[in-house]
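In: Give me a model of this one.
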Amino acid sequence: MGIEDGISFHGETVAALKERFAAAINHYLTDCKIMGRKPEKPASGKLMLRIAPETHAKVLVMARASGKSLNQWAAEVLAKAAHSTR
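Out: Predicted coordinates for the structure are as follows:
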């Protein structure tokens with residue numbers, strides 16, 4: 001979910017892997033250009049949120065209470081939610 005593209009390649013040696021990787025990427029980029037769409041990019045790891053000031057204050061308290069920065073606390077909470085099987 002969220003990923004539509006796939007790039008595959010195979011090689012018997014490191015040199016062959018490097019060569020075929022480059023060829024596969026070039027083929028993918030050419031295909032995207034021909035199809036008139038932008039290539040998918042990996043997530044940057046940066047996330048900006050707009051939340052209510054009251055929520056912001058509460059999560060700051062939660063983070064401090066757990067001895068973590070807000071960034072560390074939020075990353076853990078989001079990782080847990082992303083791996084939830086609900």
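In: show me where pLDDT drops low in the chain?
Out: Along the chain, the model assigns pLDDT under 70 to residues 1-3, 85-86.
In: Domain parsing of it, as residue ranges.
Out: 1-42, 44-86 (automatic domain parsing).
In: roughly how far apart are E19 and K58?
Out: Going from E19 to K58 by C-beta to C-beta, to the nearest Å gives 53 Å. The C-beta positions use only the backbone N, C-alpha and C, and glycine is treated the same way.
In: Equivalent analysis for D31, please.
Out: In terms of C-beta to C-beta, D31 sits 47 Å off from K58.
In: same thing with Y28?
Out: Distance, Y28 to K58, by C-beta to C-beta: 44 Å.
In: Same question for E4.
Out: 37 Å.
In: neighbour count winner among those two?
Out: Using other C-beta atoms under 10 Å as the criterion, E4 and K58 rank with K58 on top: 12 against 7.
In: Next one: that one from A65, what distance?
Out: 11 Å.
In: cool, and E40?
Out: 39 Å.
In: ok, those two, which is more surrounded?
Out: Neighbours per residue, other C-beta under 10 Å: of E40 and A65, the larger number sits with E40, 13 against 9.
In: so that one, which of the three states?
Out: coil (DSSP: H, G, I helix; E, B strand; the rest coil).
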